[in-house]
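S.K.: Fold the following.
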Amino acid sequence: MRSWFKIATCLAAGLYLAPPANSMHWQRGSPVPPQLTERAPSLAADTHPERVIVAALTAVRQNRLDDANRLIDALLATRPNYRLAHLIKGDLLLARAQPLNQLGNATPTSADKLNDLRQEALMRLARYGAPTPTTQIPANLLQLSPSQEYAVVVDASSARIYVFRNDQGTPRYLADFYATIGKLGFGKSKEGDQRTPLGVYFVTGHMPRAELDQRYGVQAELYGVGAWPLSYPNEWDRQQGRTGHGIWLHGVPFDTYSRAPQASNGCVALSNADMSALAAMLKPGTPVVITPTIEWLKPAEWQVRQQAARAEIDAWRRDWESLDTPRYLSHYGRNFRVGNTDLNSWNAQKAQVNAGKRWAKVALNDLSLFFYPTADQPMLMANFEQDYRSDNLENQMRKRLYLQREQGDWKVVFEGAGR
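M.R.: Here you go, the predicted model:
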């Protein structure tokens, strides 16, 4: 039997030409099983539209056109603005006169718009061809702090957003949604490049539709139910000279159910219904990791990586607290830089400060740890409330550390206040 993933992969050449699966294991989150399509109206009302559209595409590929018709008609009755569903409906009408060979046989639309809809169908099918490993954890989420009730991971390559709840520091899968990213993909580096950034960001607030209307007028229609701004550019982005602003999670125009996988100016967009569902889990400080692809770890593997990352941060804290300056400074890499301060200046400054102290205590509270998504060498990011006390200074601040691999060891390459 050919696997669902292989079937979904070959859809790029023609969504209706791929051979059908002979059987399917139905689980929660799977498309609607064939034997239930006679209940299409109630299913379309009670089931997520994505599951219904995938079931309809599957029915077409299995030559169950009556089932596909019932599903699409019921879906359009509840989601009349679902353009992909209209495209499939046109094909089903054409199928009465001639065989179907690819998605969009009957639609007189531009090649670009047709390709967008085909790509959306492919991405949605792929979600069910390779089901989410819900018992596993993304490598990017190494530890969530007590203040972070939820975390979001955007898999940019698969146009998918995953939501995790915080179970005493361990991320647990909660939900996932189809999403749109930048027109030119990901890896943002400058203003206006129409790419979605890669990195670890935090929700900074909420802009309801009324506020967007007041600020942007008719342009606010682009954002649908509202927008949730992210902290791009972060400290590392600015250090690397990346520019731009206004990277948000937001909805879509009300005249369409969803947009193509790559259609925004750099933001991450969801259908209005999905954005509203996600919004219930977003508040200022919620982490949003945008990564090219997700590395899924079994719980035991994740625990090993989490403990190793925590050990690195705790060793840095202990060695700073010890006032053993050479040992403390050994945690900083040759590429360390904060503004105009390079490693040599940092070392001289810290040696002078430590020389004037008799004791120091450093506590790291509300700690969260992330394996930072980059296009080159691996990075860690630590986010915490720092409580520093010594015989001549007391200081509390929100701080971020960024670490890179250097000759097999993690070294701090940026240290500074976190917004």
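
S.K.: Would you mind listing the buried residues in the helix or strand hosting A309?
M.R.: Using DSSP states H and E, A309 maps to helix 299-322. Buried residues in helix 299-322, counted by 16 or more other C-beta atoms under 10 Å: W302, R305, Q306, A309, R310, E312, I313, W316, R317, D319, W320, E321. For the C-beta atoms, the positions are set from N, CA and C on the backbone; glycine is no exception.

S.K.: can you put the residues you listed in a markdown table and add distance to L117 and pLDDT?
M.R.: Converted to a markdown table, the buried residues of helix 299-322 look like this (distance: C-beta to C-beta, whole Å; pLDDT from 0 to 100):
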| residue | distance to L117 | pLDDT |
| --- | --- | --- |
| W302 | 37 | 98 |
| R305 | 39 | 97 |
| Q306 | 41 | 97 |
| A309 | 42 | 97 |
| R310 | 46 | 97 |
| E312 | 46 | 97 |
| I313 | 46 | 98 |
| W316 | 50 | 98 |
| R317 | 52 | 98 |
| D319 | 56 | 97 |
| W320 | 55 | 97 |
| E321 | 58 | 96 |
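
S.K.: Which two among those residues are spaced furthest apart?
M.R.: Put simply, by C-beta to C-beta the two of the buried residues of helix 299-322 set farthest apart are W302 and E321, 28.3 Å from each other.

S.K.: Enumerate residues external to the helix holding A309 that contact any of its residues.
M.R.: By C-beta atoms under 8 Å, 6 or more residues apart in numbering, the surrounding residues in contact with helix 299-322 are 135-137, 139, 142-143, 170, 297, 327-328, 330-331, 360-362, 364, 367, 369, 371, 380, 382, 401, 403, 410, 412.

S.K.: of these, buried ones?
M.R.: Using 16+ other C-beta under 10 Å, the buried ones in those are 136-137, 139, 142-143, 170, 297, 328, 331, 360, 362, 364, 367, 369, 371, 380, 382, 401, 403, 410, 412.

S.K.: What about those residues, which are in strands?
M.R.: Among the buried ones among the contacts of helix 299-322, DSSP state E puts 137, 142-143, 170, 297, 360, 362, 364, 367, 369, 371, 380, 382, 401, 403, 410, 412 in strands.

S.K.: Could you chop this protein up by domain?
M.R.: 4-129, 137-296, 298-417 (automatic domain parsing).

S.K.: any low-confidence regions in the stretch 301-419 of the chain?
M.R.: Applying pLDDT under 70 to the stretch 301-419 of the chain picks out no residues at all.

S.K.: can you list the weak-confidence ranges in the protein?
M.R.: Where the chain drops to pLDDT under 70, the residues are 1-46, 106-109.

S.K.: show me the contacts for the spatially most central residue of the chain.
M.R.: With distances taken as C-alpha atoms, centre = their mean, the residue of the chain nearest its centroid is V154 (1.0 Å). Counting by C-beta under 8 Å, 6+ apart, V154 makes contact with R160, I161, Y162, A179, I181, T196, V268, V288, V289, I290, T291.

S.K.: any idea what the third one is structurally, helix, strand or coil?
M.R.: This means Y162. Secondary structure assignment for Y162 (DSSP: H, G, I helix; E, B strand; the rest coil): strand.

S.K.: Now do the same for A56: helix, strand or coil?
M.R.: helix.

S.K.: Apart from its chain neighbours, what residue comes closest to it?
M.R.: L71 (4.2 Å; C-beta to C-beta, 6 or more residues apart in numbering).

S.K.: Count the neighbours of I53 for me.
M.R.: Close neighbours of I53, defined as other C-beta atoms under 10 Å, add up to 27.

S.K.: What are the phi and psi values at it?
M.R.: In terms of degrees, to the nearest 10, the main-chain angles of I53 are phi -70, psi -40.

S.K.: list the contacts for it?
M.R.: I53 makes contact with L75, Y82, L84, A85, I88, A121, R124, according to C-beta under 8 Å, 6+ apart.

S.K.: Take these and keep only those in helices.
M.R.: Among the contacts of I53, the members falling in helices are L75, L84, A85, I88, A121, R124 (criterion: DSSP state H).

S.K.: For the fourth one, which non-adjacent residue is closest in space?
M.R.: Read that as I88. Distance criterion C-beta to C-beta, 6+ apart; nearest residue to I88, sequence neighbours excluded, is I72 at 5.4 Å.

S.K.: That neighbour is in what secondary structure piece?
M.R.: Per DSSP H and E, I72 falls inside helix 65-78.

S.K.: which parts of that helix are buried?
M.R.: Going by neighbour count (16+ other C-beta under 10 Å), the buried part of helix 65-78 is L65, D67, A68, N69, R70, L71, I72, D73, A74, L75, L76.

S.K.: D366 is in contact with S145, isn't it?
M.R.: Yes. Counting by C-beta atoms under 8 Å, D366 touches S145, with 4.4 Å between them.

S.K.: quick one: which of those two has more around it?
M.R.: S145 (17 against 14).

S.K.: I'd assumed that one was in a strand, is it?
M.R.: No. S145 sits outside any strand when classified using three-state DSSP, being coil.

S.K.: Identify the residues contacting it.
M.R.: By C-beta under 8 Å, 6+ apart, the contact list for S145 reads G169, D366, L367, S368, N383, F384.

S.K.: do P80 as well
M.R.: Applying C-beta under 8 Å, 6+ apart to P80 gives no contacts.

S.K.: Make residue 1 into 22 and carry on from there
M.R.: All set: I'll call the first residue 22, so the last point we hit is now P101.

S.K.: how about it, secondary structure?
M.R.: For P101, the assignment made with three-state DSSP gives coil.

S.K.: and it, how far is that from P218?
M.R.: P101 is 34 Å from P218, where distance means C-beta to C-beta, to the nearest Å.

S.K.: Please apply the same query to P250.
M.R.: From P250 over to P218 the distance is 13 Å, taken as C-beta to C-beta.

S.K.: Overlap in contacts, these two.
M.R.: The contact sets of P250 and P218 overlap at I268 (C-beta under 8 Å, 6+ apart).

S.K.: So for the two, which sits in the more crowded spot?
M.R.: A side-by-side neighbour count of P250 and P218, using other C-beta under 10 Å, places P218 first with 25 against 20.
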